[in-house]
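J.: Sequence first, predicted coordinates after that:
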Amino acid sequence: MIRFLLKGILGDKSRSLLPVIVVCIGVSLTVLLNCWLKGVMGESLVMNANFDTGHVKVMTRAYAQEAQQMPNDLAILGADTLTEQLKKTYPDMDWVKRIRFGGMIDFPDEQGETRAQGPVVGWAVDLLSAGSKEATRFNIKKSLVNGKLPSTAGEALITHDFAEKFKVNPGDEFTLFGSTMEGSMAFKNFVVSGTVRFGSNVLDRGAIIIDMADAQQALGMEDAAGEILGYFTTNQYDNAKATAITTSFNAKYTQNTDEFAPVMLRLRDQGGMAEYIDYSTTMGSLMVFVFVLAMSVVLWNTGLLGGLRRYTEFGVRLALGEEKNHIYATLIYEGILIGTIGSVIGTGIGLSISYYLQEVGVDIGGSMKNSTLMMPSVVRAAITPTAFYIGFIPGIFSVVLGNALAGIGIYKRKTAQLFKELE
C-alpha cells in the first residue's frame with residue numbers, strides 16, 4: 001500500500017507539491033536555527049574554557065577571591081608538585097600551569113630610546129615542551145598573521161592589531177615591564193616571533209603570550225603558578241564529571257583553614273559562567289521550541305487545507321464502497337510520506353547551509369568594537385547530532401496532525417449528500 005500511496009503522491013503534483021515545499025522550508029529553517037544557536041553559544045563557551053576557565057581550575061583560596069585582578073602575589077607555590085599529584089589522581093585530564101599578568105611593553109628605536117609603549121594583558125603558557133597542547137587550545141597556528149610560533153626562550157607573540165598600532169614587525173625587540181610575585185619591579189627583554197589575531201576584540205586590543213619558563217623567571221615565580229587548569233581529554237565540558245572531580249579534590253582540604261590552600265572550581269563556577277550556561281541553554285531551547293511550534297502550526301494548516309480540498313474525493317471513494325477507516329488510514333499514511341519526503345529534503349538543505357556557516361562563519365566584529373565579552377568576532381554554526389532529527393518533529397508530526405483533523409470529515413460524509421452535490 002505504501003508503494004501505491006507513494007506513486008499517487010509523486011504522480012499528483014497538485015496534491016503533494018505545495019505541502020512538500022512548505023515542509024522543506026520549515027524543516028530547513030528549523031535545522032538552521034538549531035545549528036546557529038548551538039554554534040554561537042558553544043564557541044563562546046569553548047573560547048572561555050581555552051583562554052581562561054579551563055574545564056576545572058585550581059587556585060589558592062585567596063587568589064580565587066580576586067581572580068579577575070590576576071593577583072600573582074597570591075599564586076600557588078610548589079606548583080610542579082601539585083600538578084604531578086593532579087596528573088596521578090585524575091589521569092583522564094590534561095593539567096597545565098598558567099600565569100596571567102598585566103604589564104607594559106616598551107618598543108625602542110634605533111638609538112635604544114623609547115619609541116612606543118602600550119599596556120598589555122599577558123598569558124604564560126607551556127609553548128616549548130614536547131607534547132604540550134597549549135598552542136592548539138589558543139589556536140595559535142590558525143591565528144598567526146605574521147612570523148612564527150616561539151621556538152626558543154625569549155620569544156613572544158603579540159596581537160596583530162596591537163603590532164599594527166605601534167608599527168611592530170616580527171624580529172623586533174621589546175621590554176616587558178611588570179611586577180614580581182613579591183611586588184617589586186620586573187622587566188625582561190623579548191623578541192617578537194610573530195603576531196596573532198584571535199578574533200576577539202577583548203584579546204586583540206593588546207595581548208602577549210610568552211612561554212611559562214620565561215614568565216616564571218621574569219616575574220620571580222620559580223615553581224609557582226597563578227592557576228592550574230584541567231581539561232577533559234575529549235575537549236568537551238562535562239558538568240557531571242567536573243562536579244565529581246572538584247568535590248573529590250576540595251574534600252581533601254576542608255579542614256585546612258590556610259588562605260593559600262588550593263581550591264578547585266568548575267567552569268560554571270567562574271566569572272559568571274553559570275548564568276551564561278543556564279541562560280544560553282534555556283534561551284536556546286526556548287527559541288528552538290517556539291520556532292518548531294510556529295512551523296508546526298504552519299505545516300498543520302497546510303495539511304488541514306490539503307485534506308479539506310479532497311472532501312469530494314472522500315465522498316466518491318465512499319460511494320465506491322471503500323470503508324471510512326481505510327480512507328482515514330490512507331490519509332494518515334500520506335501525511336507520514338509527505339512529511340518524511342519534505343523533512344529529508346529540508347534537513348539536507350538546512351545541514352548544507354549550516355555546514356557553510358560552520359566553515360565560513362559570519363563576521364560580527366564591527367558590532368563588538370567596544371565589547372568586553374570574550375567571544376569570537378566571527379560566529380559560526382555548529383552541526384550536532386540533534387540537527388539530523390530535530391526537523392522531523394515539525395515536518396512529520398504537524399502534517400500528520402493536519403491530515404488527521406481534516407480526515408474527521410470523512411466520518412461525517414454521507415453518500416446521499418454526495419449524489420445531491422454531483423447533481
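T.: Arrived safely, thanks for sending.
J.: Could you find the closest non-adjacent residue to Val298?
T.: Nearest residue to Val298 in three dimensions, chain neighbours excluded: Gly26, at 6.2 Å (C-beta to C-beta, 6 or more residues apart in numbering). Bear in mind the C-beta positions are built from the backbone N, C-alpha and C, glycine included.
J.: ok, now how distant is that neighbour from Val297?
T.: Relative to Val297, Gly26 is positioned 10 Å away (C-beta to C-beta, to the nearest Å).
J.: quick one, which of these two is more surrounded?
T.: Gly26 (27 against 14; other C-beta atoms under 10 Å).
J.: Relative to Arg98, how far out is the more buried one?
T.: Counting by C-beta to C-beta - Gly26 and Arg98 are separated by 47 Å.
J.: Likewise for Phe187?
T.: Distance of Phe187 to Arg98, given as C-beta to C-beta: 21 Å.
J.: domains of this structure?
T.: Annotated domains of the chain cover 2-47+275-422, 56-236 [automatic domain parsing].
J.: mind listing what the residue lying closest to Arg197 once chain neighbours are set aside touches?
T.: Using C-beta to C-beta, 6+ apart and skipping residues adjacent in sequence, the residue nearest Arg197 is His160, 4.5 Å away. For His160, the contacting residues are 145-146, 195-197, 204, by C-beta atoms under 8 Å, 6 or more residues apart in numbering.
J.: again, but for Ala207
T.: By C-beta under 8 Å, 6+ apart, the contact set of Ala207 is 120-123, 158-159, 162, 198.
J.: Contact partners for the closest residue to Thr347 other than its chain neighbours?
T.: With sequence-adjacent residues excluded and distances taken as C-beta to C-beta, 6+ apart, Thr347 is closest to Gly391, at 4.7 Å. Counting by C-beta under 8 Å, 6+ apart, Gly391 touches 26-28, 30-31, 343, 346-347, 350.
J.: can you redo those as CSV with secondary structure, distance to Gly271 and pLDDT?
T.: Compiled in CSV, those are given as follows (DSSP: H, G, I helix; E, B strand; the rest coil; distance: C-beta to C-beta, whole Å; pLDDT from 0 to 100):
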residue, secondary structure, distance to Gly271, pLDDT
Gly26, helix, 38, 83
Val27, helix, 38, 87
Ser28, helix, 37, 90
Thr30, helix, 33, 84
Val31, helix, 32, 88
Ser343, helix, 41, 90
Gly346, helix, 39, 92
Thr347, helix, 37, 93
Gly350, helix, 34, 93
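J.: Show the buried residues in the residues you listed.
T.: 26-28, 30-31, 343, 346-347, 350 (16 or more other C-beta atoms under 10 Å).
J.: Tell me which two of the residues you listed sit farthest apart.
T.: Largest separation among these by C-beta to C-beta: Gly26 and Thr347, giving 11.0 Å.
J.: Mutual contacts of the two, please.
T.: With contacts taken as C-beta under 8 Å, 6+ apart, the residues that reach both Gly26 and Thr347 are 391, 395.
J.: Tell me the spacing between the closest residue to Tyr253 other than its chain neighbours and Ala244.
T.: Nearest non-adjacent residue to Tyr253, counting by C-beta to C-beta, 6+ apart: Ala261, 4.8 Å away. Applying C-beta to C-beta, the value for Ala261 to Ala244 is 20 Å.
J.: which one of those two has more residues nearby?
T.: Taking other C-beta under 10 Å, Ala261 and Ala244 do not tie; Ala261 has more neighbours (16 against 12).
J.: I'd assumed Met59 was in contact with the more buried one.
T.: No: between Ala261 and Met59 no contact is recorded; they are 10.3 Å apart, counting by C-beta atoms under 8 Å.
J.: Which parts of the stretch 51-200 of the chain are helices?
T.: 61-65, 79-89, 134-137, 140-143, 160-165 (DSSP state H, counting those that start in this stretch).
J.: Appreciated, that's everything.
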